[in-house]
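Q: Would you be able to build a 3D model of this:
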Amino acid sequence: MDSLLWIVIIAAIVVAGVWYMRQRTVTATRSLDDSRAEARRWVERLGGQVYALDPRDEPAARQALADASERYTAAGSQVEQATSVQQYRLAQQTAYEGLYYVRAARTSLGLDPGPDLPAMPGQQQAGAVTEERRVNVEGHEYEASPNPGRATQHYYPGGMVAGRPVPRGWYSEPWWKPALVAGAWGVGTYLVASTLFSGMAGMGAWEGGYDAGYDAGFDAGNADNQGADYSGDQGGDFGGDMGGGGDFGGGDFGGGDFGGGGDFGGF
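A: Numbering: from 1, shown residues only. Purely as a prediction, here's the structure:
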């Protein structure tokens with residue numbers, strides 16, 4: 001009798017386990033299918049608006065529409081390659097960004113921008129450009145404006161780039177792209193943002209906290225340079241004593257790769 005009871009209990013546990021695993025598989029499959037359908041819906045919406053809008057001879061609208069088209073291509077590729085819910089959500093976010101560029105193009109053409117879009121991560125934190133700014137950084141002029149113009153034809157919908165906020169607005173050039181490509185902010189990019197946004201209302205996370213971050217990066221660069229000088233002095237002395245190897249502390253270690261900001265200047 002006891003053996004029969006144990007057999008029944010074990011069989012019940014096995015059946016319950018099989019049922020539970022099957023339910024999990026069904027739920028996961030349904031969630032994946034729903035995510036795929038939702039991502040495709042937004043990508044198709046973006047594609048329809050990209051192909052339907054004529055930028056005419058408006059440079060700002062043409063640039064915004066080109067950025068929207070780029071996001072459409074990227075989102076379509078992401079959907080085709082996605083194999084998880086999170087990957088479909090990333091494709092959906094890319095489509096959102098493209099639709100923000102479409103809204104910017106419509107605005108620059110004097111058209112109704114259309115219905116509001118879902119917020120993207122970091123938009124509220126990044127804030128927005130609230131006034132016209134023209135600054136000179138290391139001999140190069142940069143402009144920012146809340147509106148499109150002849151000199152401000154590059155739109156950014158606002159959000160986080162390499163962990164730092166870039167405010168929503170129109171710019172003379174996409175100065176944030178080096179950080180976007182490299183995944184980290186260089187001193188040159190920091191300097192542009194600091195000069196553009198210093199004292200501007202509506203900057204969100206930039207207000208009060210940016211200069212400290214820039215100073216920290218600058219101090220780190222100085223520390224590296226000081227370390228290189230120290231190594232150079234020590235290497236020179238040591239090499240001289242040993243017979244003339246004084247080039248050990250040369251400029252390659254403490255040179256302009258970090259301190260000069262030259263990685264951005266050519267952008």
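Q: From here on, just use CA atoms for contacts and neighbour counts.
A: Will do.
Q: which residues of the chain score low on pLDDT?
A: The chain contains residues with pLDDT under 70 at 1, 202, 204-267.
Q: biggest helix in it by residues?
A: helix 2-52 (DSSP state H).
Q: and the gap between the spatially most central residue of the chain and Met203?
A: In the chain, the C-alpha nearest the mean C-alpha coordinate belongs to Val161, at 3.1 Å (C-alpha atoms, centre = their mean). Separation of Val161 from Met203 (C-alpha to C-alpha, to the nearest Å) stands at 15 Å.
Q: how far off helix 2-52 does the very next helix or strand once past the longest helix of the chain point, in degrees?
A: In the C-terminal direction, the helix or strand that comes right after helix 2-52 (DSSP states H and E) is helix 59-81. With axes from the mean of the first three to the mean of the last three C-alpha atoms, to 10 degrees applied, the angle from helix 59-81 to helix 2-52 works out at 150 degrees.
Q: other SSEs contacting helix 59-81?
A: Contacting helix 59-81 under the criterion 3 or more C-alpha pairs under 8 Å, 6 or more residues apart in numbering; DSSP states H and E are the following elements: helix 2-52, helix 85-108, strand 154-156.
Q: Check which helices and strands the second one sits against.
A: The reference is to helix 85-108. Judged by 3+ C-alpha pairs under 8 Å, 6+ apart, helix 85-108 is in contact with helix 2-52, helix 59-81, strand 154-156.
Q: so of these, which one's packed in deepest?
A: Greatest average neighbour count among the helices and strands packed on helix 85-108 goes to strand 154-156 (a mean of 24), per mean count of other C-alpha atoms under 10 Å.
Q: Can you name the element that comes right after that strand?
A: strand 159-161.
Q: For the helix or strand just after that following strand, name the packing helices and strands.
A: Following the chain from strand 159-161 toward its C-terminal end, the next helix or strand by DSSP H and E is strand 164-166. If you count contacts as 3+ C-alpha pairs under 8 Å, 6+ apart, strand 164-166 packs onto helix 123-126, strand 159-161.
Q: Nearest to Glu138, out of these?
A: When the helices and strands packed on strand 164-166 are ranked by distance to Glu138, counting by C-alpha to C-alpha, first place goes to strand 159-161 at 22.5 Å.
Q: Sheet-wise, list the partners of that closest one with their directions.
A: For strand 159-161, the paired strands and their directions (DSSP bridges) read strand 164-166 (antiparallel).
Q: Need the contact partners of the strand it pairs with.
A: Counting by C-alpha atoms under 8 Å, 6 or more residues apart in numbering, the neighbours of strand 164-166 from elsewhere in the structure are 122-123, 125-127, 156, 158-160, 176, 205-206.
Q: who does the longest helix of the chain touch, helix- and strand-wise?
A: In terms of contacts (3+ C-alpha pairs under 8 Å, 6+ apart), helix 2-52 is packed against helix 59-81, helix 85-108.
Q: Which parts of this structure belong to which domain?
A: By the assignment in automatic domain parsing, the chain contains the domains 2-108, 120-267.
Q: Would you reformat those as JSON lines and include distance to Gly114?
A: Output for these, formatted as JSON lines (distance: least, C-alpha to C-alpha, whole Å):
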{"stretch": "domain 2-108", "distance to Gly114": "7"}
{"stretch": "domain 120-267", "distance to Gly114": "15"}
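Q: Would you mind giving the helices and strands packed on helix 85-108 as a markdown table with distance to Pro118 added?
A: Supplementary listing: the helices and strands packed on helix 85-108 in a markdown table, determined by distance: least, C-alpha to C-alpha, whole Å:
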| stretch | distance to Pro118 |
| --- | --- |
| helix 2-52 | 11 |
| helix 59-81 | 16 |
| strand 154-156 | 16 |
